[in-house]
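Trainee: with the input below, show me the fold.
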Amino acid sequence: MRMLIWHCESFRSEVTEKGRSPLRETVEDPVVSAGECLLVYVAAERGDDRDVYTVAKSASAEITGLARQLKVGTIVLLPFAHLFVELAPPEVALSLLTHVQDMLRAAALEVRRCPFGWFNTLDIRAKGHPISRVAREIRPE
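Mentor: Just a heads-up that it's a prediction; the model follows:
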């Protein structure tokens with residue numbers, strides 16, 4: 001799994017059209033928005049299916065640690081297949097996102113997630129400090 005994490009002052013996304021993935025979540029609300037948050041671009045990689053739980057646990061620990069360090073209580077998960085990886089099957093990616101979301105909520109963080117399998121507009125106001133943009137790579141081993 002690869003993640004690109006931005007510390008944002010504000011975030012807004014609106015679903016625009018179906019993506020290329022054959023798997024698409026039902027869109028309950030086309031708009032996802034947040035004030036101060038960590039925006040986490042997430043791409044599941046081939047091989048993550050070897051141990052989805054461990055990958056999700058490591059990813060949620062990284063996100064939680066950064067959130068605590070920055071004193072941020074809201075996380076936005078954005079499925080993002082454009083992080084230059086060999087992608088995992090869509091079912092694996094969605095399972096991984098769901099596990100990360102559940103683990104972050106168990107850590108008392110508010111979590112919002114953009115729906116999987118859709119294109120969307122993005123309005124982002126990112127902060128500009130030394131750890132306002134962080135990249136992480138999580139491996140199942």
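Trainee: can you pull out the helices in this protein?
Mentor: In the chain, the segments counted as helices under DSSP state H are 52-70, 90-106.
Trainee: contacts for the last one?
Mentor: Residues external to helix 90-106 that are found in contact with it (CB atoms under 8 Å, 6 or more residues apart in numbering): 1, 21-23, 25, 42-44, 48-49, 52-53, 55-57, 59-60, 63-64, 75, 77, 79, 81, 87-88, 111, 113, 116-117. Yep, even glycine has a C-beta here, placed from its N, CA and C like the rest.
Trainee: likewise stretch 127-141?
Mentor: Outside stretch 127-141, the residues touching it (CB under 8 Å, 6+ apart) are 1-9, 47-48, 50-52, 54-55, 58-59, 62, 66, 69-70, 126.
Trainee: give me the buried subset of those residues.
Mentor: Neighbour counting over these (16 or more other CB atoms under 10 Å) leaves 1-8, 47-48, 52, 55, 58-59, 62, 66, 70 as the buried ones.
Trainee: could you point out the longest strand in this structure?
Mentor: strand 2-18 (DSSP state E).
Trainee: reformat the helices of the chain as JSON lines; add mean pLDDT and distance to Val134.
Mentor: Listed next are the helices of the chain as JSON lines, based on pLDDT from 0 to 100; distance: least, CB to CB, whole Å:
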{"stretch": "helix 52-70", "mean pLDDT": "97", "distance to Val134": "6"}
{"stretch": "helix 90-106", "mean pLDDT": "97", "distance to Val134": "16"}
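Trainee: next, format those helices as a markdown table and append distance to Cys37.
Mentor: What follows is the helices of the chain, written out as a markdown table (distance: least, CB to CB, whole Å):
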| stretch | distance to Cys37 |
| --- | --- |
| helix 52-70 | 9 |
| helix 90-106 | 12 |
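Trainee: figure out which of these is closest to Val31.
Mentor: With CB to CB as the measure, helix 90-106 is the member of the helices of the chain nearest Val31 (17.9 Å).
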